[in-house]
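Student: Output the structure for:
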Amino acid sequence: MINKLRNKWNSKIYVISISFLLFISCKFVSDPLQTEPELKELPSISVDWDSTHSIVCFGTSLTYGLIWEGLDPVYLQKTNYYSLIKNNDLNSSFFYTRADSAYPKCLDNRLKIKVYNQGYPGATVNSAISYLADSVLTKNPSLVLLEFSANDFLRKRDVSTTREEMIELIDSISNFGSKIVLISFVDEYTINHPPKDHLLYDQRELAKEYYLMLKDIANEYNLLFINDCFLGIFGHTDLMCDDIHPNNEGYIKMAENIYKSLYKTFKINNMLK
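Tutor: Here you go, the predicted model:
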């Protein structure tokens, strides 16, 4: 009788334990902030440079380091993002500025080679082609960190068209003699784990198409591909100033992610201060 009671009690404990473990594991999986992958340190590439060369960080507002000042996030959600950028007015109750922690400046502080921030809020890949000669090639870059297509995605442009324009942009930079690192505005983890109130949530399929397009181009051209520069930022409201842009602290984290990803390249090419 005692053994039967003991066995029955042990069975109850076993069921309760399993239920508790299942609850914990489900809770863990459902929380994206607890399951983020680790940052990948990329292999190195050889970069020829001297004092006449530079690194150009060429991209969108994410490269520029855009942060909103005095902007109600609810208002931003109801307002056209591009009209806010186009009509940036320092006399209004809100405006955008450049974060001191934008990643090009952080790299410039750590490297011997000059680093330029050529970020353009609202820029598409097509507009980047028109900016290229004056904004990038005149800086004689030995290395270009290329971050475009986020605005193409937000405008829901055809992925195949954006791909053709991206290839044209890459070909022009390569023909100049510069090495290229391709930076993605989104990654597989972010696509699969956006908060339900994030703009990516309803655009996951298109975001995936854009991500795979960038990844395919990186493979085709044998480019270093940073697809986790927003690791630990997206989904963390304390590091974002809106659904798209980090705040100052978020940009610091972004800069650290990019620096760590390219550390081997910076080290092997004697770029570190």
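
Student: Quick one: residues contacting Met254.
Tutor: Met254 is in contact with Leu62, Tyr103, Cys229, Phe230, Ile233, Pro246, counting by Cβ atoms under 8 Å, 6 or more residues apart in numbering. C-beta here means a position set from N, CA and C on the backbone, and glycine is covered the same way.

Student: Okay, and which of the residues you listed map to helices?
Tutor: Leu62, Tyr103 (DSSP state H).

Student: Can you check the contacts of Met254 and name whichever has the most neighbours?
Tutor: Tyr103 (30 neighbours; other Cβ atoms under 10 Å).

Student: quick one: the residue lying closest to it once chain neighbours are set aside and Ala99, what's the gap?
Tutor: In this structure, Tyr103 finds its nearest non-sequential neighbour in Ala255, 3.9 Å apart by Cβ to Cβ, 6 or more residues apart in numbering. Distance check for Ala255 against Ala99: by Cβ to Cβ, to the nearest Å, it reads 10 Å.

Student: so what's in contact with those two at the same time?
Tutor: Common neighbours of Ala255 and Ala99, counting by Cβ under 8 Å, 6+ apart, are absent.

Student: and the nearest residue to His198 once chain neighbours are set aside, what helix or strand is that in?
Tutor: Nearest non-adjacent residue to His198, counting by Cβ to Cβ, 6+ apart: Asp243, 5.6 Å away. For Asp243, there is no helix or strand it lies in under DSSP states H and E.

Student: How is the chain divided into domains?
Tutor: As recorded under automatic domain parsing, the domains making up the chain are 1-31, 44-268.

Student: Need the winner for burial among those.
Tutor: Most buried of the domains of the chain, by mean neighbour count (mean count of other Cβ atoms under 10 Å): domain 44-268, with a mean of 18.

Student: Ends of it, what's the gap?
Tutor: 7 Å (Cα to Cα, to the nearest Å).

Student: what mean pLDDT would you report for it?
Tutor: Average pLDDT, domain 44-268: 91.

Student: Contact partners for Ser184?
Tutor: Applying Cβ under 8 Å, 6+ apart, the residues near Ser184 are Glu147, Ser149, Tyr211, Leu214, Lys215, Phe225, Ile226, Asn227, Cys229.

Student: Please determine how far the residue nearest to His198 is located from Cys106.
Tutor: For Asp243, the distance to Cys106 - Cβ to Cβ - is 23 Å.
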